[in-house]
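Enquirer: Got a sequence here, can you model it:
(2 chains)
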There are 2 protein chains.
Amino acid sequence: MKKIVNISLLTLGMVFISGQTKEDSIQFNKISTEILNNGKGYDELRELTKNIGHRLSGSEAYEKSVQWAAQKLRDAGADKVWLQDVMIPVWVRGKESLHIKTPNGNWKSLKMLSLGNSEGTGGKDVSGEIIMVKSLEEYDKLPAEKVKDKIVFFNYPFNQGNVQTFISYRESGAYRRTAASLTARKGGKFAIIRSLSSAFDDVPHTGNMRYEENISKIPAVTIGNTTADELETLLKNQKVTAKLNSNCGMKGEKLSHSVIGEITGKKDQNVIVVGGHLDSWDVGEGAHDDGSGIVQSIEVLRTFKKLGLQNNHTIRAVCFANEENGTKGGKQYGKTAKDNSEKHLFAIESDAGGFSPRGISLEMDDVKRKQIKSWGNLFLPYGVYNFEGKYSGSDIAPLHEMVVPTAELVPEPQRYFDIHHTAEDTFEKVNRRELLLGSTVITQLIYMIDKNW
Amino acid sequence: MKKIVNISLLTLGMVFISGQTKEDSIQFNKISTEILNNGKGYDELRELTKNIGHRLSGSEAYEKSVQWAAQKLRDAGADKVWLQDVMIPVWVRGKESLHIKTPNGNWKSLKMLSLGNSEGTGGKDVSGEIIMVKSLEEYDKLPAEKVKDKIVFFNYPFNQGNVQTFISYRESGAYRRTAASLTARKGGKFAIIRSLSSAFDDVPHTGNMRYEENISKIPAVTIGNTTADELETLLKNQKVTAKLNSNCGMKGEKLSHSVIGEITGKKDQNVIVVGGHLDSWDVGEGAHDDGSGIVQSIEVLRTFKKLGLQNNHTIRAVCFANEENGTKGGKQYGKTAKDNSEKHLFAIESDAGGFSPRGISLEMDDVKRKQIKSWGNLFLPYGVYNFEGKYSGSDIAPLHEMVVPTAELVPEPQRYFDIHHTAEDTFEKVNRRELLLGSTVITQLIYMIDKNW
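Expert: As a prediction, the model looks like this:
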């Protein structure tokens, strides 16, 4: 590919409209040039993922990442860094195995993962015949006697037809969250779900599940698409027995921490929050989910310091604890803010992958939404054009409930659910420039909000 | 990451405005759903890259890919498939090695690639002292006696600060194209350039170079960023001698082919072209560059057939020969179209990588440009918002010279120059959904043009 490129104001990263816009446009360009040339987020993500690795709530690795994040916030030039106490659930995977057998066959091991928060079998074999359903609707119609003592395979495929993968993820999400309790209600022994995966491979995707109250806590496990396809084919022709043995389970609670760093406001101490979550699932490296959001948040503070941007309000980077299986960090942050009567002006979360930014999702009143949208042309040279989303992330939901305007970075969504919550969510899947462009856009937005609110 | 998504008309892939727009929007959605669910481009790209691999003009592999592409066009349902004769240059890499030595050291081998079209040393060692320049401006100021019998190292770094990587690529491009002749003009022995690479790694990026007329054809080679950094450090402290031995060189011309398939117009035989280039460099697998453009073009024909879209005009997929080191396929296509007085309504090229689409670059008169832009809202649900580009691709430039309106797909650009023209441009770097979204957007645009022009 040879290429001649027309340089337009758009591609040069500058939009000149009014004098004010021109000044902002120049600042946007300074922020972008600084981060793309000198940003440390990519190197920090390498440290977090390769030196610490995955970091499930309650694990030693998570506690290491707390110390690491505090140091990185100090290195970034934060005026104040502290740990916020959070009581978190301790879920442990333990040993786990799933086997199947056809009438004429031997036991065959399947690649699998227990879903996060799932109880196990207490180290005993639990077996039964598998029945397959393609949808919740199909399952609802099954009489309890057909489910009793069986294993239910919820074989709902990720909808490839949606352009927006997050919609397909949401459609499939109900299966992951509810499969165990639905199965238990009709007397089944455990549930198997097809992974919430956009990839045509055999990688199982773990993720959060929850138990309904007063329903027996039976196990739920997940298998990758290839294994699910094979199981589906088998079940069309014959009876298949499954056997699960798992030591997974919830082991109480313990004290852990979110990590917070801030640069003090020159005018007041009203707070602008930028955050991601420091914990991850216990497979892979938690690189896109959500090491990316962590290093992007730290980059915001560093960039304000490095460029000498004089922030009117306090800008706070929050590395939330326990997003994946409890959101206790987000809840505690909201509670503390309320208890201390801290005034929060704005909060933005990055927790949808470290891919190139495409938009900013806005959860706020129409006046503020309109104001941010009016800055749209400033963001266009950075590939950000979509301000239509109305959701803003689970860790800052408690702030939103306190009527704080909240937002979320919206990155390119096509690759995310290939690797989300899997052993494949590694540093190598993150591109330096894409990651740093995300930091750039968040810094630019916070620059505008700090100046105008 | 847990996620609640607000469904808006935007995210659902539907935009309802007028009755006409509603009909188009429904067709857009049908095209997208068909391709994302059933598209064959990704599997075809696996075949092309894994069964055939890289396919430099003049190589046996290229001729295999010609047969392969013809078959795929027939499989897609083309009414007519043919090969178009093209005389192409035959450049052969041959054996090549580059060594350096400091005053107290031994010869050390450097990872390198000769630039495409570069002559070699005829199998002999050619050595001399290296002088380094950081820019063409710096080189211009060097008196010839300082360059005579030396090796010139053009150490111009890829500009990471640009958001648009294609601008940095263009800035660096002059070094790759002109280094050899510039060095020869002042009596140097050969040129080394820092690769045109956005990656922080040691992968050398080959690519096209050319010789000025009446200037000695000396070799030009390229080294990856890490090696270039190390060489730069060495040269700051001491003299370094380089030694090149290369059998690269141009070996005349030969007859080869572009591959063309079309579905006949129901109303007339005026032609709409969609194309990419079938050849690649002789490293890696030519996956993004430009296997992606090839399978996307074939997908357009298949989708029209599969959905029973009744095209008014003839839609022609062209797999151009020899884009990388001659663009002879594009030139021949243009010449034949002129000789046969074929009326071309429109041509679009995909040759900027198989990443998620972000825009369509339009090289045409203002009336047509305005019309296509007026369809912008239809494309928004597919992530396409940027119609500002004004360049349309090198293979269809001859058509543009004949006043045919031309365009190019503009994909996400951040990762492309990490792997462009390298051993790393492999199938594994292409994402299925991103590739198919590109096919989707091209098909949608051709649907609109076929209907309205």
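Enquirer: can we go C-alpha only for contacts and neighbour counts from here?
Expert: Fine.
Enquirer: Domain ranges for chain A, per the record?
Expert: Annotated domains of chain A cover A:26-91+A:252-452, A:94-247 [the TED database].
Enquirer: now, of those, which is deepest in the fold?
Expert: Burial of those is given as mean neighbour count (mean count of other Cα atoms under 10 Å in any protein chain shown); domain A:26-91+A:252-452 ranks first at a mean of 22.
Enquirer: still on that earlier bit, need the domains of chain A in CSV (columns: distance to B:Lys328 and mean pLDDT).
Expert: Below are those laid out as CSV (distance: least, Cα to Cα, whole Å; pLDDT from 0 to 100):
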stretch, distance to B:Lys328, mean pLDDT
domain A:26-91+A:252-452, 34, 98
domain A:94-247, 37, 97
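Enquirer: is it possible to export those domains to JSON lines including distance to B:Ile442?
Expert: Compiled in JSON lines, the domains of chain A are given as follows (distance: least, Cα to Cα, whole Å):
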{"stretch": "domain A:26-91+A:252-452", "distance to B:Ile442": "18"}
{"stretch": "domain A:94-247", "distance to B:Ile442": "15"}
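Enquirer: Out of the ones you listed, which is closest to B:Ala407?
Expert: For those, proximity to B:Ala407 was assessed by Cα to Cα; domain A:26-91+A:252-452 is nearest, at 19.8 Å.
Enquirer: End to end on the closest one, go ahead and measure it.
Expert: 16 Å (Cα to Cα, to the nearest Å).
Enquirer: near chain B, anything from it?
Expert: Yes - applying Cα under 8 Å from any Cα of the partner chain, one finds domain A:26-91+A:252-452 in contact with chain B at A:32-34, A:36-37, A:289-290, A:323-324, A:351-352, A:356, A:381-382, A:385, A:388-391, A:393-394, A:414-415, A:431, A:433-434, A:437.
Enquirer: Which parts of the stretch 301-450 of chain A are helices?
Expert: Assigned by DSSP state H, counting those that start in this stretch, the helices in the stretch 301-450 of chain A fall at A:328-339, A:366-374, A:376-379, A:397-401, A:416-419, A:432-452.
Enquirer: Would you mind giving these as JSON lines with distance to A:Phe346 added?
Expert: Formatted as JSON lines, the helices of the stretch 301-450 of chain A follow (distance: least, Cα to Cα, whole Å):
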{"stretch": "helix A:328-339", "distance to A:Phe346": "13"}
{"stretch": "helix A:366-374", "distance to A:Phe346": "11"}
{"stretch": "helix A:376-379", "distance to A:Phe346": "18"}
{"stretch": "helix A:397-401", "distance to A:Phe346": "9"}
{"stretch": "helix A:416-419", "distance to A:Phe346": "26"}
{"stretch": "helix A:432-452", "distance to A:Phe346": "8"}
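Enquirer: I'd like to know which of those is closest to A:Asn214.
Expert: Using Cα to Cα, the helices of the stretch 301-450 of chain A put helix A:328-339 closest to A:Asn214, at 22.6 Å.
Enquirer: who are the neighbours of the closest one, in terms of helices and strands?
Expert: Helix A:328-339 sits against strand A:80-92, helix A:397-401, with contacts defined as 3 or more Cα pairs under 8 Å, 6 or more residues apart in numbering or on different chains; DSSP states H and E.
Enquirer: out of these, nearest to B:Arg210?
Expert: strand A:80-92 (56.5 Å).
Enquirer: from the middle of its chain, how far away would that closest one be?
Expert: Between the centre of strand A:80-92 and the centre of its chain there are 17 Å (Cα atoms, centre = their mean, to the nearest Å).
Enquirer: next one: stretch A:24-42
Expert: The mean C-alpha position of stretch A:24-42 is separated from the chain mean by 25 Å, Cα atoms, centre = their mean.
Enquirer: Thank you, goodbye.
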